[in-house]
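1. Predicted model follows, preceded by the sequence.
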Amino acid sequence: MEEKPRYSRVSDIISLLLLMQSKLNGVSLADIQEEFHVSRRTAERMRDSILNIMPQIEEIETDDRCKRWGFRHFSLDEFVSFTPDEVAAIEKIKTDCDEITGRDLQSVINKIKTLNRRRINSMEDEVEFLLRSEGCAIRQAPVYKIDLNTVSIIRQAIREKLKVKAVYNGKNKILSPLGLIYGEKIHLIAREEGKGKGEYNYLLHKIKNVSLTREYFEDGGFNIKEFAKRSFGVYQGEIYEVKLRLSADAAEDVLHYNFHPTQEVVKQPDGSIIVTFKASGSKHIMWHLFKWGPAVEILEPQHLKEDYREYLKEVLAAI
């Protein structure tokens, strides 16, 4: 019998095994091509190599009639491990995020250390060394105390589409929670009973005495990521196109900077950069542009240019 061609890169084979384990419906040849940046022929060789050494792999039928391969009755848990560098990276992120995300990341770290329990002592020593030898940037941001029980109830309400009762700024409210946006402050995006159509922002640290109701709501296909894209920052308003010119001196930083998810960045012949994006939230835009100093010029819209000029006058008057 003719032997099937083999694929020899062991690291890719192991990565593909782990990818198959992580996908409930397995992986297709197209998935392999995309993940490993290989041709279809190479993807077939990788699949065949794995099928030769892992008889536990099954061909999985899916509704899209696309052939997929993966594990249904077998686990690769013993193959999974985490390096001290990976754990240290999570630890560093944890020090620069809000309390809720920090708590979730700590839970992840604890689980990772449990999976690596056979070398947990040496791992902790290595992680500690990395954290001491690699500095983290200090982020200046306000710190708000948030009741973790409130977060738990809000998350459950979002998942199960249940309305909640809460006190906000001293007033009783019935809210339909749609999602959370994380920034310098954490915002709950929700609809409020009796306030009319539309979504509103509620600062999470100001929400008190929250409790679930037994009343369900329809979210109408609301998408928190699409909602967040409409604003520069968090607060919603009239959406307009912003056009900026940043000087050639700032070009290197601009080309590696994310102003907004809708941005388009074009380098000019003189070395300057034109950045355009669509968003709302004049105040947040102005606060953000201030850090660029004289390197930034607002080209459009005219009202933002005028607002920014007045803002700078107020700043100078306070000095």
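-> Okay, I see it. Residues are numbered from 1 along each chain as shown.
2. As a check, name the ranges of all strands in the stretch 1-150 of the chain.
-> With strands called from DSSP state E, counting those that start in this stretch, the stretch 1-150 of the chain shows them at 58-60, 68-70.
3. among those, which is nearest residue 36?
-> Closest approach to residue 36 among these (C-beta to C-beta): strand 68-70, 14.5 Å. Every residue, glycine included, has its C-beta placed from N, CA and C.
4. Show the model's pLDDT score for residue 230.
-> Looking at residue 230, its pLDDT reads 68.
5. To clarify, my last question referred to residue 139.
-> The model reports residue 139 with a pLDDT of 56.
6. what does residue 212 give?
-> 94.
7. That one - that's part of a helix, no?
-> No. Counting by DSSP: H, G, I helix; E, B strand; the rest coil, residue 212 falls outside a helix, being strand.
8. what about it, how many neighbours?
-> 14 (other C-beta atoms under 10 Å).
9. bridging residues for the closest residue in space to it that isn't next to it in sequence?
-> Excluding the flanking residues, the one nearest residue 212 by C-beta to C-beta, 6 or more residues apart in numbering is residue 162, at 5.3 Å. Going by DSSP bridges, residue 162 is paired in beta bridges with residue 216.
10. list the contacts for residue 162?
-> Residues in contact with residue 162 (C-beta atoms under 8 Å, 6 or more residues apart in numbering) are 156, 212-217.
11. where does it sit relative to residue 71, distance-wise?
-> 35 Å (C-beta to C-beta, to the nearest Å).
12. now residue 300
-> In terms of C-beta to C-beta, residue 300 sits 54 Å off from residue 71.
13. more neighbours, those two?
-> Shown here are residue 300 and residue 71; by other C-beta under 10 Å, residue 71 has more neighbours (19 against 13).
14. just checking, the more buried one touches residue 55?
-> No. Contact status for residue 71 versus residue 55: not in contact, 11.3 Å apart, counting by C-beta atoms under 8 Å.
15. So which bits of stretch 294-311 are buried?
-> Of all the residues in stretch 294-311, those buried under the rule 16 or more other C-beta atoms under 10 Å are 295-296, 298, 304, 307-308, 311.
16. so how many other residues sit close to residue 90?
-> Look at residue 90: counted by other C-beta under 10 Å, it has 15 neighbours.
17. Contacts only, for it.
-> 105, 108-109, 112 are the contacts of residue 90 under C-beta under 8 Å, 6+ apart.
18. The longest strand anywhere in the chain pairs with which strands, and in what direction?
-> As assigned by DSSP state E, the longest strand anywhere in the chain is strand 171-182. Partners of strand 171-182 in the sheet, by DSSP bridges, are strand 162-168 (antiparallel), strand 186-192 (antiparallel).
19. Return the set of buried residues in the first one.
-> The one in question is strand 162-168. Within strand 162-168, judged by 16+ other C-beta under 10 Å, the buried ones are 162-164, 166, 168.
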